[in-house]
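In: What would the 3D arrangement of this be:
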Amino acid sequence: MTESNKALVRRFFTAVEEGAFDVFDEIVAEHYDDHLPGTSPGRESLKTYFRGLRSAFPDLRLPISQMVAEGDRVAVLNAVQGTHRGEFLGIAPTGRSVDASAFQLYRIQDGRLAEHWEVADFATLQRQLTGPA
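Out: Below you'll find the model as predicted:
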């Protein structure tokens, strides 16, 4: 079960990187609960979030450096990388590259992503976009 859960998370990351949001219909629960402040629950809300992120960073990459699974949980340490080509957090496109760390925790239910928690280094991301070149 843990290997299939890890494969599910990898498939999700690949779908995000490729902008293949139709895959979410297969791998994300309809009532997905994202515990990020300011986000609404649901698979469609998740699609909207990632469409916006990919609009800001069309070459978005989420390379995974560590992944651990136990029971119905998968923990991921990854990077958030890309080139700032669209508005992000109210910041106009800068053309700068970003590379920040993030930690994700997913809960899997019935073979689909059901819940998500994240701790991301938004301070580094913002500094890379607004600090001296």
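
In: for the strand of greatest length in the chain, packing partners?
Out: Assignment by DSSP state E gives strand 97-109 as the longest strand of the chain. In this structure, strand 97-109 makes packing contacts with helix 2-18, strand 73-83, strand 112-120, helix 122-130, judged by 3 or more C-beta pairs under 8 Å, 6 or more residues apart in numbering; DSSP states H and E. C-beta: built from backbone N, CA, C; applies to glycine.

In: The spatially closest residue to Thr2 that is not a sequence neighbour: what's it in contact with?
Out: In space, and not counting its chain neighbours, Thr2 is closest to Ala69: 3.8 Å by C-beta to C-beta, 6 or more residues apart in numbering. Going by C-beta atoms under 8 Å, 6 or more residues apart in numbering, Ala69 touches 2-3, 5-6, 75.

In: Residues touching stretch 47-66, excluding its own?
Out: Stretch 47-66 has contacts (C-beta under 8 Å, 6+ apart) with 10, 13, 16-17, 19, 21, 24, 34, 39, 75-88, 93, 98, 102.
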